[in-house]
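Novice: A structural model of the following input is requested.
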Amino acid sequence: MTKVVQITDLHLVPSGRILRGVDPEQRLRSCLRDIERFHQDATALVITGDLVDEAEPDVYDLLHGILADYRLPPVHLTVGNHDDRRAFARVFPGDVVSDTGFANKAVALGNYLGILIDTWEFGTHAGALCADRLSWLTATLAADDRPVVLFMHHVPFNVGLKWLDRLPMKNDVDLARALEPFRSRIRHLFFGHLHRNVSGTWMGYPFTVSASAAVHHGTLDFQSEISRPMIVDPFYTVILLGDDQVVVHANQVIANPVLVDYGPSPPPRHTS
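Specialist: This next block holds a predicted model:
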């Protein structure tokens, strides 16, 4: 199987600054140390947006330096609603399509094609895909016959939580139309943005939403109209791509884990 690691929603701020009770840099570093220790064998580390919290240009330089501090798999990034595309492109030009300026990218993930899609849209936290990005996506899918996994920041559907369902990606129908001719090859969709681990199917496509690697975790509250996040240990996602399966593991980086060793399980006690 081919291993891919996803992290999302870093919300990085200038070094030493606290963001709503947490230090995003230190939480990100805890994830990267864990990935360095256990997942150097991964084919890629995919980072799906909200790289910084306030689109400050210098914080992209900080992120570049942090990533360089660890022995990581090849890193591929795209942007989210808290980012600034031009500031991102200055520091990470290899993750931008040169003729459009969008943070779109296609990468080989073993026998799979991995596609990162830029859903940043000026003036909204919801995100969108313009005609140029949809055209790029269609052309990229048409040019390759491998099975596909897609990575993007915004989720194009509701998840049943009122405080999140105000911000789905605007043109879900357009995305569905772009994907439809390639349905048989699309194995999984991966998102960020919601700060929760969520999974299911959309339009028949399996999907996984990954929780934040560095800041707050969204609560499972089906009634509230406002966000009431929790501070919990950060998450990242480990994806295993096989010939006939996609396996997704949500992994929480627990600060002080208590491990309990068990021997082999005894046989069941019931009798026939």
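
Novice: now the helices for the stretch 101-250 of the chain?
Specialist: All helices of the stretch 101-250 of the chain, identified by DSSP state H, counting those that start in this stretch, fall at 131-142, 172-179.

Novice: for residue 59, which non-adjacent residue is spatially closest?
Specialist: Closest residue in space to residue 59, ignoring its immediate chain neighbours: residue 52 at 4.3 Å, by CB to CB, 6 or more residues apart in numbering. C-beta coordinates here come from the backbone N, C-alpha and C atoms, glycine included.

Novice: actually, residue 241.
Specialist: residue 2 (4.3 Å).

Novice: next, the contact list for that neighbour, please.
Specialist: 43, 109-112, 240-242 (CB atoms under 8 Å, 6 or more residues apart in numbering).

Novice: the same query, at a cut-off of 7 Å, please.
Specialist: Neighbour list for residue 2: 43, 109-110, 112, 241 [criterion: CB atoms under 7 Å, 6 or more residues apart in numbering].

Novice: by residue count, tell me the biggest helix in this protein.
Specialist: helix 24-38 (DSSP state H).

Novice: that older thread, what's the neighbour count on the residue nearest to residue 59?
Specialist: Using other CB atoms under 10 Å as the criterion, residue 52 is surrounded by 26 other residues.

Novice: what backbone torsions are found at it?
Specialist: phi -130, psi 170 (degrees, to the nearest 10).

Novice: rewinding a little: which of the contacts of residue 2 fall within strands?
Specialist: Judged by DSSP state E, the subset of the contacts of residue 2 located in strands is 109, 112, 241.

Novice: and the second one, how far from residue 185?
Specialist: When you say that, I think you mean residue 112. 10 Å (CB to CB, to the nearest Å).
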